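Student: please work out how this folds:
(one chain, ligands or ions: 1)
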Amino acid sequence: MNKTIQLRAIETVTDTTMPPGQQVRLARNILDPLTEVGLSELRADVRTAYVAGHPRFRCPGCNEPLFVAQNPASANTPRDGRGAHFKHHANVDAPPCRKRTAANLHDIGAVKFPGLGEGADHSNLKHMLAFCLSQDPNVTDIEVERQIRALDGSWRQPDVSFVLDGQAVAVDVQLAAASLATILERGTFYAANKIRHIWVTDTADLDRLSQLAFRDSYLNMGGRIFALDADVVAACVEQSRFQLWELSIMPRLAPPLPLHNVWERDVVDQETILMDPAARKAEGQKRYRRSLASQVGQHFGPQRASMRAALAEGKPLEWMRPEWTTIARQIKGRDIDTAITQGVGAVLAWLYAAEAYASCAEPTARPVALAAMHQATATVLTIRNAKDWAPLVETVCTMSPPVQAALTPDHRDQLNTLLTTAEPTTSVIRNHAQMLSVLFPWVAFKLLVKAPKFGPSINRRNSH
Ligand SMILES: [Zn+2]
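Tutor: Purely as a prediction, here's the structure:
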């Protein structure tokens, strides 16, 4: 805890996405509510904006751009936003700033992890991959470490490159340090040159997948990452077809355990391997949502239906006490009295109204759905601890353009005021993430997804 405080030398930041006059925000209010997915997304957004020349966050002291760094890993360091801090970019020409701290390799995820020499090494994996490709008669131009040059003269050297069905593909083998900057700039380079780019890891040491460099890859890719091992090499040879493992994070609802994440794995072929990255990401999030909805249906179908019926009728949370209690007991969610005290009733009503409005296809019903959403928004933005829930409202707005567009200018103002409060917020979103996800599986990917504790060999995909 002390360590976090000490790393958070930058306590306030200028958020350039907020309206002028409302740009100063508490670092802890931005970072602490972030889930693992939220942190990876923010890191990627901040990096992208920085590269594009309009940094999202600046230091109020020296006005230099800031990035979101991860605290050095330790057993007690949360991997979500609570374990992150703002930091200046290394820049010898920058004006002096007393908030500037020394560069630290951990911050950018560029630390070699111990034990990497074991298992398939980098060169081994590259050649294994080229061998797999050579088994597929549809694959041509297989090259190891060939330079790819763009028209502007810039170049990259992927570990392996090939052509499959007319599509050029570049593969980088990721066994260790790939910084977020590398991941993003390679994605941009290859997309600009119409080359599909994928990362492939091995399956020897899955603990490693919880490290920052890997989380930045798969949390921004719908929870999915490709992998190669001897089993899949054998499958390529047997079927004369290029295939890979794909590891995917999926939800697991197994009372009395809390709702948690597991790695599932499938052998995938070119349809998945050549998929457009945005489509692959969206599909991963959709699979997660569907799997959770189906498991919730199996375990808590009647309770969930009854709670949603109560929400449709505008009933208060107290009305849902039996159902809430049944579900919360089985997944170790918070009790209903805590939920009521922490304003969950207004949040459920808002999520329900936002969902109803966003999914309302009937033109004549839209004004009614919009009015209901305006009312629910007015409530959720004025409850006693509205500032604690504001990041969730913001997240949902980012996820759903119709919800975003339906905010009135007054609501937007109120939301900005809450997001820029000078008072510290508390972690109500995290407290109730499981229950909110059970009721609204479409927020679950954002709220729940994190690096699973166990490798995929323990959990195989089943029929749900
Ligand atoms: Zn500064």
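
Student: got any ranges where this structure has weak pLDDT?
Tutor: 1-6, 102-120, 176-177, 204-206, 455-464 (pLDDT under 70).

Student: enumerate the residues of it near the ion.
Tutor: For the chain, the contact set with the ion under CB under 5 Å from the ion comprises 59, 61-62, 97, 99. To be clear about C-beta, it is placed using only N, CA and C from the backbone, and glycine gets the same treatment.

Student: mind doing that once more with 6 Å?
Tutor: 59, 61-62, 64, 88, 97, 99-100 (CB under 6 Å from the ion).

Student: ok, how many other residues are close to A279?
Tutor: 10 (other CB atoms under 10 Å).

Student: scratch that, A406 is what I was asking about
Tutor: Neighbour tally, A406, other CB under 10 Å: 20.

Student: and for K453?
Tutor: Quick note: K453 (other CB under 10 Å) scores 13 neighbours.

Student: can you turn the buried part of the residues of the chain next to the ion into a PyMOL selection?
Tutor: The PyMOL selection below is limited to those of the residues of the chain next to the ion classed as buried (16 or more other CB atoms under 10 Å):
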select buried, resi 59+61+64+88+97+99+100
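
Student: can you redo the residues of the chain next to the ion as CSV with secondary structure?
Tutor: Shown next, in CSV, are those (DSSP: H, G, I helix; E, B strand; the rest coil):
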residue, secondary structure
C59, coil
G61, coil
C62, coil
E64, coil
H88, strand
C97, coil
K99, coil
R100, coil
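
Student: point me to the helix or strand that includes the spatially closest residue to P424 that is not a sequence neighbour.
Tutor: Nearest residue to P424, sequence neighbours excluded (CB to CB, 6 or more residues apart in numbering): R28, at 6.1 Å. Using DSSP states H and E, R28 maps to helix 27-31.

Student: break this structure down into its domains, please.
Tutor: Following the assignment in automatic domain parsing, the chain carries domains at 2-108, 122-290, 295-448.

Student: right, and the ones you listed - which one's nearest F454?
Tutor: Checking the domains of the chain against F454 by CB to CB gives domain 122-290 as the closest, at 6.5 Å.

Student: circling back: what's in contact with the helix or strand just after the helix holding R28?
Tutor: Later in the chain than helix 27-31, the nearest helix or strand by DSSP H and E is helix 36-51. Helix 36-51 is contacted from outside by 30-31, 34, 55-57, 65-68, 70, 79-81, 84, 89, 180-181, 184-185, 188, 215-216, 219-220, 395, 445-446, 449-451, using CB atoms under 8 Å, 6 or more residues apart in numbering.

Student: any buried residues in stretch 314-326, and which?
Tutor: 317, 319-320, 323-324.

Student: please enumerate the strands of the chain.
Tutor: 12-15, 24-26, 57-58, 66-70, 84-88, 139-144, 148-149, 155-156, 160-164, 167-173, 196-202, 224-228, 244-252, 260-268 (DSSP state E).

Student: for the lengthiest helix in the chain, packing partners?
Tutor: Longest helix of the chain, by residue count under DSSP state H: helix 277-312. Under the contact definition 3 or more CB pairs under 8 Å, 6 or more residues apart in numbering; DSSP states H and E, helix 277-312 sits against strand 224-228, strand 244-252, helix 321-331, helix 344-358, helix 433-439, helix 444-448.

Student: using JSON lines, lay out those together with distance to T382.
Tutor: As requested, the helices and strands packed on helix 277-312 are exported to JSON lines (distance: least, CB to CB, whole Å):
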{"stretch": "strand 224-228", "distance to T382": "40"}
{"stretch": "strand 244-252", "distance to T382": "33"}
{"stretch": "helix 321-331", "distance to T382": "23"}
{"stretch": "helix 344-358", "distance to T382": "9"}
{"stretch": "helix 433-439", "distance to T382": "20"}
{"stretch": "helix 444-448", "distance to T382": "23"}
